[in-house]
Structures are given as C-alpha cells and as structure tokens.
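S.K.: any chance you can model this:
(one chain, ligands or ions: 2)
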Amino acid sequence: MTVNLVTGKCLCGQISVSVPETILKQSKNVGLCYCKNCRQTGGCLASYNLYLPEKDAIIQGEPKIYLDSNTTNGQIIQRAFCENCGSPIYGRNPTSSRLIAVKLGIFDELTKPSIALFCKDRPEWNRLIDGIQDYDIMPS
Ligand SMILES: [Zn+2]
Ligand SMILES: [Zn+2]
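M.R.: Residues are numbered from 1 along each chain as shown. Ligands and ions are numbered 1, 2, ... in the order given. This next block holds a predicted model:
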C-alpha cells in the first residue's frame, strides 16, 4: 500500500515536513496549545499542532533546535524552527513520548482540531471552537 504524503514548508522553503495524509486529515490528531511558551515561540495566540509518531514525520532540511527548559513539569522540550525565516517547525519531548508535534500552520490543509490544551492561559475574549475538548492544562 502506498502512503499519500502531504508536505508543508517553512516561510522561506528551506525546511519541509511530510506527513501521511490519513494522519493529517483526522481531527483527533490535531490540537491547539495556549500555553505561554507556545505563544512566545510563535508570536501567536496558540500553537496549532499535528501530533503523530516521530517515525511518520519526514523532515527535510536542518531546523535549529531550541531546548526549552522553562516548562511546567520541568521536562525539556525541543523546539525546532527555521534558522533562516524563523518559522516554528515542530516541538518534541525527547524523554517521554515518541510523538512529535508538527506545527500545522506550515501546511495548506488546516484540519479542525479536536482538543485545546492550557486553556487556563487562553484570554477570555478568545472563544473556544465548537465541538472541541478543552483542558485547563495537559490531560495526563
Ligand atoms: Zn525557513
Ligand atoms: Zn504549548
């Protein structure tokens, strides 16, 4: 069986990520994160992530990795971004899961998320999206 891949690119095109279309299209794999670290790293209200097994994400080019140790549980998160244009590419916790959070904003296809994390940090004027599960912090 051939796997249909969809590719997203950073703003300058130097880094690309390819993921299976079947994973990309499923809302259950997509989430928003309103934590302050995500806000700062993206300059945005929330990060918009596709969660998938690392082995399913094909990364081309060499993103720069920032080791973010200022996290709520003290675990270091690798935050990958394009050194040239600054686009966030993915986030990854090297110690716990084998999941990677690919920044979905670099793709053309914008799948509806199914969850929102760290909603305690979401500003009141920003309404939640209908039909998505929101968590104050991170579900354990
Ligand atoms: Zn770039
Ligand atoms: Zn976050």
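
S.K.: point out where the protein drops to low pLDDT.
M.R.: For the chain, the stretches flagged by pLDDT under 70 are 1.

S.K.: buried residues, the lengthiest helix in it. List them.
M.R.: If you go by DSSP state H, the chain has its longest helix at helix 36-42. Across helix 36-42, burial judged by 16 or more other CB atoms under 10 Å covers 37-39, 41-42. In this view, the C-beta of every residue, glycine as well, is placed from N, C-alpha and C.

S.K.: and for stretch 43-58?
M.R.: Using 16+ other CB under 10 Å as the test for burial, stretch 43-58 gives 46-52, 56-57.

S.K.: can I get those residues in CSV with distance to ligand 2 and secondary structure?
M.R.: Formatted as CSV, the buried residues of stretch 43-58 follow (distance: CB to the ion, whole Å; DSSP: H, G, I helix; E, B strand; the rest coil):
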residue, distance to ligand 2, secondary structure
Ala46, 8, coil
Ser47, 5, strand
Tyr48, 10, strand
Asn49, 8, strand
Leu50, 14, strand
Tyr51, 12, strand
Leu52, 17, strand
Asp56, 21, helix
Ala57, 18, coil
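
S.K.: out of the residues you listed, what pair is the most spread apart?
M.R.: Farthest pair in the buried residues of stretch 43-58 (CB to CB) is Ala46 and Asp56. Separation: 23.3 Å.

S.K.: gap between Val17 and ligand 1?
M.R.: 12 Å (CB to the ion, to the nearest Å).

S.K.: now the residue nearest the centre of the chain: closest residue in space, sequence neighbours ignored.
M.R.: Nearest residue to the geometric centre of the chain (CA atoms, centre = their mean): Asn49, 2.8 Å. Using CB to CB, 6 or more residues apart in numbering and skipping residues adjacent in sequence, the residue nearest Asn49 is Ala101, 4.0 Å away.
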